[in-house]
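# generate a structure from the sequence data that follows.
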Amino acid sequence: QYKTKGTCKHWLVLPYEWQLENKSARGFIKLLLDTELNFTEKIQINCEFPCKKYFFVLYLNHSKVKEVRFCSLPPLLTSDIHTEERRLGELFCSGMNGNSVPVTYSSLAYSEGLYSSSEVPFSFEDIA
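Numbering: from 1, shown residues only. Have a look, this model is predicted:
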């Protein structure tokens, strides 16, 4: 967990590994929590396959996804971006909100999950 000094915002970091038949992936799910207002502000997910990395940021408003940004390394071909934005938008619309969700291919999806030097790590034992 990472806490931003002087605020009630905390990053909760959950590492994961995923195995599906002959494919495996690993990464982190990071939740930016506001402990004063008791809500999740955003969720950042990175997923690393042997030859490709994906980064997603879900911006939330009252527990509903209001916007999604994503990117990949290596980057998508320019001709594929619109198709992937539409496909992910439909996925989030049908699976979570029932409303339209703007999905944007943006390099900000990579940097939005990085920590600043003002955020200090601590474990659950530190707060117990």
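# in stretch 23-43, what counts as buried?
Neighbour-count burial for stretch 23-43 flags 25, 27, 29, 30, 31, 32, 33, 42, 43 (criterion: 16 or more other Cβ atoms under 10 Å). All C-beta atoms are positioned from the backbone trio N, CA, C, and that covers glycine.
# quick check: closest non-adjacent residue to the last one.
Excluding the flanking residues, the one nearest residue 43 by Cβ to Cβ, 6 or more residues apart in numbering is residue 58, at 4.4 Å.
# do you know how far the one you found is from residue 22?
Going from residue 58 to residue 22 by Cβ to Cβ, to the nearest Å gives 29 Å.
# all strands for the protein, in order.
2-4, 9-20, 23-34, 39-48, 53-61, 64-73, 103-105, 119-121 (DSSP state E).
# which strands border the second one, and is each parallel or antiparallel?
Strand 9-20 pairs in its sheet with strand 2-4 (antiparallel), strand 23-34 (antiparallel), by DSSP bridges.
# ditto for the fourth one
The strands that strand 39-48 pairs with in its sheet are strand 23-34 (antiparallel), strand 53-61 (antiparallel) (by DSSP bridges).
# which one of these lies closest to residue 92?
Closest to residue 92 of the strands paired with strand 39-48 is strand 53-61 (Cβ to Cβ; 8.1 Å).
# give me the angle between the closest one and strand 64-73.
160 degrees (axes from the mean of the first three to the mean of the last three Cα atoms, to 10 degrees).
# in strand 53-61, what's buried?
Buried positions in strand 53-61, judged by neighbour count with 16+ other Cβ under 10 Å: 53, 54, 55, 56, 57, 58, 59, 60.
# and the longest helix for the chain?
Longest helix in the chain, counting residues (DSSP state H): helix 78-92.
# who touches that helix?
65, 68, 70, 76, 100, 101, 102, 103, 104, 105 (Cβ atoms under 8 Å, 6 or more residues apart in numbering).
# and those as TSV, adding pLDDT, neighbour count and distance to residue 83?
Output for the contacts of helix 78-92, formatted as TSV (pLDDT from 0 to 100; neighbours: other Cβ atoms under 10 Å; distance: Cβ to Cβ, whole Å):
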residue	pLDDT	neighbour count	distance to residue 83
65	83	20	20
68	91	23	15
70	93	22	13
76	93	15	9
100	76	10	17
101	82	22	16
102	90	13	16
103	92	23	11
104	93	16	14
105	94	19	10
